[in-house]
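J.: No letters, just coordinates:
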């Protein structure tokens, strides 16, 4: 599946604008780099987030949205299920990708220095992706047709 896409993409960090992820679709190799005003690159439609040493990203292709978790890449269609348990201090997210499942706990977002219009669904990558991914507008936005 990844071979049909190929190449290197650049994604913006979901929360920190000064970082981006360089992701080699063919090799599943990624690195986080600081975004510089002098860089002349094409930033792909999508976002990534990092929790510890684990990278998650969603990006647009002509075949619709794709999701990566570190070096594992998956078509982001109706077969992808996301379960989210919101706790007092940390949340747990589970991605069910066909026969593959990935779960992890991560610190709950603290609301410090956000504007009055922000809520958890906007600032938490996993809550945002769980809510948005089921909408037709998400599928359309991440389809480059």
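T.: Thanks, I have the structure now. Everything quoted here is computed from the prediction, not taken from an experiment.

J.: need the contact list for residue 17.
T.: If you count contacts by Cβ atoms under 8 Å, 6 or more residues apart in numbering, residue 17 has them with residue 35. Bear in mind the C-beta positions are built from the backbone N, C-alpha and C, glycine included.

J.: what about it, which helix or strand?
T.: With the criterion set as DSSP states H and E, no secondary-structure element contains residue 17; it sits in neither a helix nor a strand.

J.: gap between it and residue 35?
T.: 7 Å (Cβ to Cβ, to the nearest Å).

J.: Let's see the pLDDT reported for residue 106.
T.: Residue 106 carries a pLDDT score of 92 in this model.

J.: I should have written residue 133 there, sorry.
T.: Turning to residue 133, the model gives it a pLDDT of 89.

J.: Next, count neighbours for it.
T.: The criterion is other Cβ atoms under 10 Å. On that basis, residue 133 has 19 neighbouring residues.

J.: Can you pull the poorly scored residue ranges out of this protein?
T.: In the predicted model, the chain carries pLDDT under 70 at residues 1-5, 37-38, 110-123.

J.: what does the longest helix along the chain contact?
T.: Taking residue count as the measure and DSSP state H as the definition, the longest helix of the chain comes out as helix 125-132. Under the criterion Cβ under 8 Å, 6+ apart, residues 14-15, 47, 49, 56, 58, 82, 84, 86, 91, 93, 106, 120-122, 138 lie in contact with helix 125-132.

J.: what do you get for stretch 72-91?
T.: Outside stretch 72-91, the residues that reach it (Cβ under 8 Å, 6+ apart) are 1-2, 5, 25, 28, 58, 63-68, 92-98, 100, 102, 105-108, 120, 124, 126-127, 129-130, 133, 142.
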